[in-house]
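Student: sharing a model prediction with you, sequence too.
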Amino acid sequence: MAHTVIQFVYIKFDDSWERDAPEVTYVARREGARLAVLRESPAGTLDTYFFLMREPGARVLVSYEHNLVFIPADCERRIPGDATECGKDPVP
């Protein structure tokens with residue numbers, strides 16, 4: 001299984017997630033759960049990374065102290081800029 005670690009500016013989860021430990025671990029309630037991670041490059045440009053969980057129970061660990069997110073999947077797609085939208089699921 002692939003794993004990804006990204007330093008983030010913003011993380012957006014769809015409605016298929018629940019917190020397992022407050023503000024630390026998120027668990028996918030179903031296969032197909034999605035999340036988007038917004039990352040800032042050293043040059044100051046933003047990129048949005050989209051992830052799709054292949055199995056229920058996948059755990060995403062978020063370190064707010066270090067602004068790191070540990071994701072048990074490869075990136076599905078990267079889009080330059082902030083591709084997240086308020087009120088909409090994180091879909092590329």
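Tutor: Arrived safely.
Student: next structured bit after the helix or strand of the chain with the lowest mean pLDDT?
Tutor: Ranked by mean pLDDT, DSSP states H and E, the helix or strand of the chain with the weakest confidence is strand 17-21, at a mean of 89. The helix or strand immediately downstream of strand 17-21 is strand 25-28, counting by DSSP states H and E.
Student: identify the residues contacting that next one?
Tutor: Residues outside strand 25-28 that contact it (Cβ atoms under 8 Å, 6 or more residues apart in numbering) are 13, 16-20, 53, 55-62. Quick note: C-beta positions are derived from backbone N, CA and C, even for glycine.
Student: and His3, how far from His66?
Tutor: 16 Å (Cβ to Cβ, to the nearest Å).
Student: keeping just the C-alphas, turn stretch 1-17 into CSV.
Tutor: What follows is stretch 1-17, C-alpha atoms only, in CSV (Å, rounded to 0.1, in the frame of the first residue of the first chain):
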residue,chain,number,x,y,z
MET,A,1,0.0,0.0,0.0
ALA,A,2,1.3,3.5,-0.9
HIS,A,3,1.6,6.2,1.7
THR,A,4,2.0,9.9,1.2
VAL,A,5,3.2,12.6,3.6
ILE,A,6,2.5,16.3,2.7
GLN,A,7,3.1,19.5,4.5
PHE,A,8,-0.3,21.3,4.2
VAL,A,9,-1.9,24.7,4.3
TYR,A,10,-5.5,23.3,4.2
ILE,A,11,-7.2,19.9,4.2
LYS,A,12,-10.7,19.2,3.0
PHE,A,13,-12.5,15.9,3.8
ASP,A,14,-15.7,14.8,2.2
ASP,A,15,-18.6,13.6,4.3
SER,A,16,-17.3,10.0,4.4
TRP,A,17,-14.9,10.7,7.3
